[in-house]
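Q: need a 3D model of the sequence below.
(chains A and B)
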Number of protein chains: 2
Amino acid sequence: MMMMLDTLRRFWGRKMLYRMKISLVLQILIGCINTKAQANSFYNHVSQILKYCNSRCLAVVPQGGNTGLVGGSVPVFDEVIVSLSSMNNIISFDKVSGILVCEAGCILENIMSFLDNEGFIMPLDLGAKGSCQIGGNVSTNAGGLRLVRYGSLHGNVLGVEAVLANGTVLDMLKTLRKDNTGYDLKHLFIGSEGSLGIVTKVSILTPPKLSSVNVALLACKDYSCCQKLLQEAKRKLGEILSAFEFLDGQSMDLVTNHLEGARNPFSTSHHNFYVLIETTGSDESSDKQKLEAFLLGSMENELIADGVLAQDINQASTFWRIREGISEALMKAGAVYKYDVSIPVENLYNLVEEMRSRLGDAANVIGYGHLGDGNLHLNVSVSQYDEKILSQIEPFVYEWTSKKRGSISAEHGVGLMKANEIFYSQSHETVQMMASIKNLMDPNHILNPYKVLPHSITS
Amino acid sequence: MMMMLDTLRRFWGRKMLYRMKISLVLQILIGCINTKAQANSFYNHVSQILKYCNSRCLAVVPQGGNTGLVGGSVPVFDEVIVSLSSMNNIISFDKVSGILVCEAGCILENIMSFLDNEGFIMPLDLGAKGSCQIGGNVSTNAGGLRLVRYGSLHGNVLGVEAVLANGTVLDMLKTLRKDNTGYDLKHLFIGSEGSLGIVTKVSILTPPKLSSVNVALLACKDYSCCQKLLQEAKRKLGEILSAFEFLDGQSMDLVTNHLEGARNPFSTSHHNFYVLIETTGSDESSDKQKLEAFLLGSMENELIADGVLAQDINQASTFWRIREGISEALMKAGAVYKYDVSIPVENLYNLVEEMRSRLGDAANVIGYGHLGDGNLHLNVSVSQYDEKILSQIEPFVYEWTSKKRGSISAEHGVGLMKANEIFYSQSHETVQMMASIKNLMDPNHILNPYKVLPHSITS
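A: Next comes the predicted model:
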């Protein structure tokens, strides 16, 4: 295998020295080795590959489902891709504690199906679940739809096994809810986008599947109502609230215009804002009662202009399809500039409005996202990419977010596309410390180069 | 101030060179400076102190409420104590998001009172709340009574401000639920017991206070019933379960014998095990109904032998007093060897039984803790400390825990007392990486020396 790698490296090295993407997918190589090896010793292969690459200063891109939105899992020049797809075994599941241990290449939706049979759910759900992998989810600290209820992966991931650039395997694959023995280094691998090590196994706490799930789609006349509704929902629905998503009228129009079969369920076809609320609880009748009382109260207080409570799982799916389909509808509508920001809830929608007035008729600016987490997906839909429009969007969007002490990447990560923008959300001292840790853990900078950290600090 | 420090250092250096504890509490010095300074610039003082100490290689012990149980906040030789007690301001609270920002020296109970007035609660509660400080809680990654519901501080702490050994201030004081811009370095300060930096400010996500709280004390005939009860509670009480604590009959006897006013609420005075269940929800009647149905079902399935549902807040307090009073009762009963381990729930109580049979009549071995988190507090109560008994307990307790892939410190941390035992729960490679990070962030090893990492790796 090592000879094969060397040959390939020389070949590609000559053929495409700069600015060329290659797809030397080491998955194939891992696959070859696997015919002779045990499934659970895959990490040894990752270790061997990294040891070899490190000794020759060959750059490596770890790749999961390759569904990231900031170019974190694609090669830039002549990096070797290490795909984790073949490491897709579930290793163990403890029904008493709800703790699952699996390999990094497990596809999120497959884990969900497995858990469903066991009476549990993943604390993480996102649109890309059909192809994204848990190792990639952990490496990008994926957020998604259930974060408002179950919190981030920093809280739910109990352990990881990670391979360092020099091939050292760090076994931190704990299956314990509590472990205060020294520095909790697994957190360095959660959200570092494969630039400090390759996550090969994951241990995660999964909540029990509860029997009662309700979904309501509500219409609000303005953003202020959405905000107040969120406060009310947190208090009145409290422990059963499992999603609080919002989309503006422009997002709804986009979905109904571009997505086959999607339709606005309200008789009055246009409202300024829509909120999707999901509750998950253990008692059907009391949950429904609680949700109905909340909706009634919100109607009376004029927080909602209209509302539909899904009558069955199919109707619930059509509501979710609207929210989850926005991204697909945007792709169909033309070119799109995508931003994923965290901003304190009270200021969150101002950014959409300001962007709209900046761009005028040149673009369709839409805003949606995880309002319960203060996470806005700001999208600028245009007929085609245009440098002039881009210059009106950036750096404005970053400067605006920075002024509100927001994050220029709430859940998508930094990857290649935002590495040089990191100072909008992090202090110089903090980024300097990140760079020091990168130098410590990957002194040859072979892991996912050109990503996460800005060029100015790594070069 | 700097001269004063130097003089004191020389004085103490001569007087007590080795194995002598000093109490040079820099709080006094900080207090002096404070008369001329703004409250919110305290971190500047911490920065100046550390910069000075670092330049002279003066060792420093950061100290919060000094309530830790493993000697993490006390000096060993001639370290300078930096007390954070005067940094006790609440900086901001956002009622929409429930995000609190405060200084590290705020006492946990004071924060709780503040939040109570705002209609929120802390996601963290522990026996020492009256004196422990939030900076210390974060630095030790305190667990406590609500972890089963709200998760660990790695999930709830949104940001910290920390001062490094060389005086650099890392501003990571985010007030966002989501922020994926680079490595999430705050996690290095959560649970590193002040050995990588001093936490000066904290931002934390707080859940809304829900109106309905119920507490039940249940009796079980054996440990297997406690385990099954936990599984049932997770499924039947699901989202309203906020505590699942257990104690054995010996713990109950200890409390009722040594704690004034404490009494066993059951008519049959001895049961083998007791479980305290708390539910917190948003609807009094449906919560009560749910809990009653759960208790009835558990009676019918013979999981519980007897049970009392608290009728009011006073009775609930007396139940909590039993559980929270065990530690105090142990102190009154004589000398005590304390262990705080995480073990997969199915094996958890075996350790208590094995220890009991090892020690025979020489000691009273009791087991209690946070069963919902797999966290056992194993305590060996003896009339006086005895090397012979200790040699029967250690290293047995660590070896046993290690074999089950448990943690030798679930929530108390490593501190001074368990630094050399860290390999029972962490691999050599992982500890080596911890040491490398320590060397990177605190090259002179001035911060909390002799703690957390083993002597073999730091010397």
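
Q: what residues does stretch A:180-187 touch?
A: Contact with stretch A:180-187 is made by A:154, A:157, A:159-160, A:162, A:170, A:172, A:174, B:140-141, B:143, B:154, B:184, B:187-188, B:190-192, B:196, B:407-414, B:418, B:422, B:425-426, B:430-431, B:433-434, B:437-438, B:452-453, as judged by C-beta atoms under 8 Å, 6 or more residues apart in numbering or on different chains. The way it works is simple: take the backbone N, C-alpha and C, and place the C-beta from them, glycine included.

Q: so which of these sit within helices?
A: Of the contacts of stretch A:180-187, the ones assigned to helices by DSSP state H are A:154, B:140, B:154, B:187, B:188, B:430, B:431, B:433, B:434, B:437, B:438.

Q: near the last one, how many residues? Count them for me, please.
A: What it means is residue B:438. Neighbour count of residue B:438, defined by other C-beta atoms under 10 Å in any protein chain shown: 22.

Q: likewise for the second one?
A: Counted by other C-beta under 10 Å, the residues lying close to residue B:140 total 29.

Q: kindly report the same for the first one.
A: Taking other C-beta under 10 Å as the criterion, the count of residues near residue A:154 is 24.

Q: wouldn't it be in contact with residue B:156 here?
A: No - using C-beta atoms under 8 Å, residue A:154 is not in contact with residue B:156; the gap is 9.7 Å.

Q: which helix runs longest in chain A?
A: helix A:284-300.

Q: separation between residue A:131 and chain B?
A: 20 Å (C-beta to the nearest C-beta, to the nearest Å).

Q: contacts only, for that residue.
A: With contact taken as C-beta under 8 Å, 6+ apart, residue A:131 is in contact with A:65, A:66, A:67, A:107.

Q: closest to chain B out of these?
A: Relative to chain B, the closest of the contacts of residue A:131 is residue A:67; by C-beta to the nearest C-beta it sits at 14.8 Å.

Q: can you tell me the closest non-neighbouring residue to that closest one?
A: With C-beta to C-beta, 6 or more residues apart in numbering or on different chains as the criterion, residue A:67 has its nearest non-adjacent residue at 4.0 Å, and that residue is residue A:128.

Q: check contacts around the one you found.
A: Counting by C-beta under 8 Å, 6+ apart, residue A:128 makes contact with A:65, A:67, A:108.

Q: and the last one, what does it touch?
A: By that I understand residue A:108. Applying C-beta under 8 Å, 6+ apart to residue A:108 gives the contacts A:65, A:122, A:124, A:125, A:126, A:128, A:129, A:130, A:132, A:133, A:134, A:137.

Q: what's the burial count for residue A:407?
A: 25.

Q: which of the contacts of residue A:108 are buried? Put it as a PyMOL command.
A: A single PyMOL command selects the buried members of these (16 or more other C-beta atoms under 10 Å in any protein chain shown):
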select buried, chain A and resi 65+122+124+125+126+128+129+132+133+134+137
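
Q: so which of the contacts of residue A:108 sit within helices?
A: In helices, defined here by DSSP H, the members of those are A:134, A:137.

Q: in TSV, list the contacts of residue A:108 along with pLDDT.
A: Listed next are the contacts of residue A:108 as TSV, based on pLDDT from 0 to 100:
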residue	pLDDT
A:65	97
A:122	97
A:124	96
A:125	95
A:126	92
A:128	93
A:129	95
A:130	96
A:132	98
A:133	98
A:134	98
A:137	98
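
Q: ok, back up a step: out of the ones in helices among the contacts of stretch A:180-187, which is nearest to residue B:77?
A: Nearest to residue B:77, judged by C-beta to C-beta, of these is residue B:438 at 18.2 Å.

Q: in chain A, which residue is most central in space?
A: For chain A, residue A:142 is the residue whose C-alpha lies nearest the centre (C-alpha atoms, centre = their mean; 3.1 Å).

Q: returning to that earlier point: could you identify the most distant pair in the contacts of residue A:131?
A: Greatest spatial distance in the contacts of residue A:131: A:66 and A:107, 11.8 Å, computed using C-beta to C-beta.
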